[in-house]
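**Student:** quick one, fold the following:
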Amino acid sequence: MDSSTGAAPGLRERLGSAVFARVAGPAGPENRARIHGTPGPRWFGPDRPIRTVHGDASMFIGGLRALLLQSLHPLAMAAVEAHSGYRGDPWGRLQRTSTFLAVTTYGTADHAQQAVDRVRAVHGTVRGTTPAGKPYDASDPHLLGWVHVAEVESFLLAHRRFGAEPLDAAGYDGYVADTAHVAEALGVIDPPRTRAELVARLGSYRAELRSTREAREAARFILLHPPLPWAARAPYAVLAANSVAALPRWARTSLDLPRLSGVGEACVTPTGRALTTAIRWAMAPARQASRSAAPG
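**Tutor:** Model prediction:
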């Protein structure tokens with residue numbers, strides 16, 4: 001046997017395991033087995049767009065973009081700064097978020113509802129006052145709505161740019177409609193159900209968004225000081241550069257992020273495509289195992 005042929009599966013398994021361990025945490029294998037292996041009805045069937053989007057490596061870029069965009073709402077950023085522990089335990093926060101997305105997207109309806117109930121219970125304890133003296137409450141439907149639309153638009157945009165199986169217009173409308181089901185369960189009132197509604201809802205928050213010291217510091221931490229070994233920093237820098245390039249110009253300016261020319265963005269995007277392709281390749285065995293374990 002050619003040694004290079006034998007080495008490829010081993011390399012893929014090592015890379016896939018390393019990425020999965022970072023994103024899913026120590027309980028990842030157990031959670032994956034429970035999510036995909038427990039029989040019962042799901043919120044979303046196997047043909048729903050939410051499964052296509054949330055199962056793609058483009059989520060890495062979309063997730064970073066969502067965090068940057070969400071930080072521009074002063075009330076949301078104040079809640080994150082005071083209660084999330086993103087500096088002291090950034091991987092724990094990522095792992096909790098990724099598990100929630102996996103459970104609500106692929107898990108049984110009972111498990112999805114339990115995950116939502118846990119998040120709502122946590123939100124009920126997150127209250128305080130911004131440095132400017134404005135009160136915030138993580139259970140506020142309007143604030144939840146901002147977090148939701150910033151996240152959904154980021155995942156959708158990243159999937160359109162980097163997804164392995166881009167959807168048609170009806171498919172992306174279907175994705176927005178799917179995510180609306182989860183948003184309503186979390187307490188969002190009348191979430192958008194089409195891309196046009198999503199764009200309009202995002203625009204309705206524009207006057208509330210602004211640069212704050214906390215948002216700029218969070219952006220620097222996320223982009224420049226990730227708690228990663230040196231070997232992982234170059235791939236992470238590619239993800240970070242593409243998440244910044246995907247932001248609207250006004251958001252980059254608000255966060256004091258570098259402005260990219262059209263040529264600069266054109267150079268960044270191919271690196272994002274190459275890296276998401278590599279992550280997709282590395283994670284393929286885990287996805288295949290999950291699909292084989294899922295009920296028909």
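**Student:** next up, the contacts around the residue nearest the centre of the chain.
**Tutor:** For the chain, G63 is the residue whose C-alpha lies nearest the centre (Cα atoms, centre = their mean; 3.0 Å). Counting by Cβ atoms under 8 Å, 6 or more residues apart in numbering, G63 makes contact with L94, T97, S154, F155. (Each C-beta comes from the backbone N, C-alpha and C, glycine too.)
**Student:** element containing it, please.
**Tutor:** Element membership for G63 (DSSP states H and E) is helix 59-70.
**Student:** buried set for that helix?
**Tutor:** M59, F60, I61, G62, G63, L64, R65, A66, L67, L68, L69, Q70 (16 or more other Cβ atoms under 10 Å).
**Student:** closest to S17 among those residues?
**Tutor:** F60 (16.2 Å; Cβ to Cβ).
**Student:** isn't that closest one up against L239?
**Tutor:** Yes - judged on Cβ atoms under 8 Å, F60 makes contact with L239 at a distance of 5.3 Å.
**Student:** how about the contacts of G63 in CSV, adding secondary structure, neighbour count and distance to S211?
**Tutor:** Converted to CSV, the contacts of G63 look like this (DSSP: H, G, I helix; E, B strand; the rest coil; neighbours: other Cβ atoms under 10 Å; distance: Cβ to Cβ, whole Å):
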residue, secondary structure, neighbour count, distance to S211
L94, helix, 17, 24
T97, helix, 16, 24
S154, helix, 24, 19
F155, helix, 25, 24
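**Student:** of all the residues you listed, which comes closest to A251?
**Tutor:** Taking Cβ to Cβ as the measure, S154 is the one of the contacts of G63 closest to A251, at 10.8 Å.
**Student:** so who does that closest one touch?
**Tutor:** By Cβ under 8 Å, 6+ apart, the contact set of S154 is G62, G63, R65, A66, L69, A246.
**Student:** can you put those residues in a markdown table and add pLDDT and distance to I279?
**Tutor:** A markdown table is the format used below for these (pLDDT from 0 to 100; distance: Cβ to Cβ, whole Å):
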| residue | pLDDT | distance to I279 |
| --- | --- | --- |
| G62 | 97 | 13 |
| G63 | 95 | 12 |
| R65 | 97 | 16 |
| A66 | 96 | 17 |
| L69 | 97 | 22 |
| A246 | 95 | 17 |
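**Student:** and those residues as JSON lines, adding distance to L143?
**Tutor:** What follows is the contacts of S154, written out as JSON lines (distance: Cβ to Cβ, whole Å):
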{"residue": "G62", "distance to L143": "21"}
{"residue": "G63", "distance to L143": "19"}
{"residue": "R65", "distance to L143": "19"}
{"residue": "A66", "distance to L143": "15"}
{"residue": "L69", "distance to L143": "14"}
{"residue": "A246", "distance to L143": "23"}
